[in-house]
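Asker: sequence and predicted structure below; questions after.
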Amino acid sequence: YPVMQRSDLVKQLPLLKKKYLKSEDFANQTIPDLFTAEQLSAAEKKEAVCLETSILWNRGGGNFELIPLPSPAQQTPVFAAVAGDFTGDGITDLLLAGNHEYCKPETGVYLGSYGCVLQGNGKGAFADPGQGRMSAGIRGSVRNFALMHQRNRRVVVVARNNAKLLILEATAGKKASPQ
């Protein structure tokens, strides 16, 4: 069955507008109902093989290694990431956030995360400290981070859709707290 609703599909493929004048005509149609076998065999097919939030390490010499991040990074789409020492151990960690609340009805919203800190091990791997101990407490649809220095302290500026900028104290060893 097609994922898109009729109104969205006919915007992309106007030829279907005449075939399915009303939404009830479109209901319960399968992909082979919508397109001929000839159209389907001529269609360009794409396949997504990795949907995990991952890190891509440049190992040099044109070699890259794709490493999926731990479970907290997989709970919702990630749109913002920043690297820094957020745990006070002198090792680079990752702060991630995302969410997506303005979605089509057929896909639903993605609000499963308040952001997370993944603890680095100094060898290129990142782990979940567990038990939500490293939740960043960021609500909403996050789109970008900026790590900045302000009055002798590090802060993370958080840009969210339809919301004021949020400034988090990036003090190592402390849970990020809104300013």
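Answerer: Done, it's in.

Asker: quick check: residue 93 vs residue 147, distance?
Answerer: In this structure, residue 93 and residue 147 are 11 Å apart, going by CB to CB, to the nearest Å. Yep, even glycine has a C-beta here, placed from its N, CA and C like the rest.

Asker: what's the answer for residue 136, then?
Answerer: As for residue 136, its distance to residue 147 is 13 Å (criterion: CB to CB).

Asker: comparing residue 93 and residue 147, which residue is more hemmed in?
Answerer: Counted by other CB atoms under 10 Å, residue 93 and residue 147 do not tie: residue 93 has more neighbours, with 22 against 15.

Asker: so who does the more buried one touch?
Answerer: Contacts for residue 93 were tallied using CB atoms under 8 Å, 6 or more residues apart in numbering; they are 83, 84, 85, 86, 87, 117, 118, 119, 120, 126.

Asker: ditto for residue 17
Answerer: Under the criterion of CB under 8 Å, 6+ apart, the contact list for residue 17 reads residue 10.

Asker: for the one helix or strand it maps to, buried residues please.
Answerer: Using DSSP states H and E, residue 17 falls within helix 15-19. Of the residues in helix 15-19, those with enough neighbours to count as buried (16 or more other CB atoms under 10 Å) are residue 16.

Asker: who touches the helix or strand just after it?
Answerer: If you walk from helix 15-19 toward the C-terminus, the next helix or strand you reach (DSSP H and E) is helix 23-26. Contacts to helix 23-26, defined as CB under 8 Å, 6+ apart, come from residues 5, 6, 7, 9, 19, 20.
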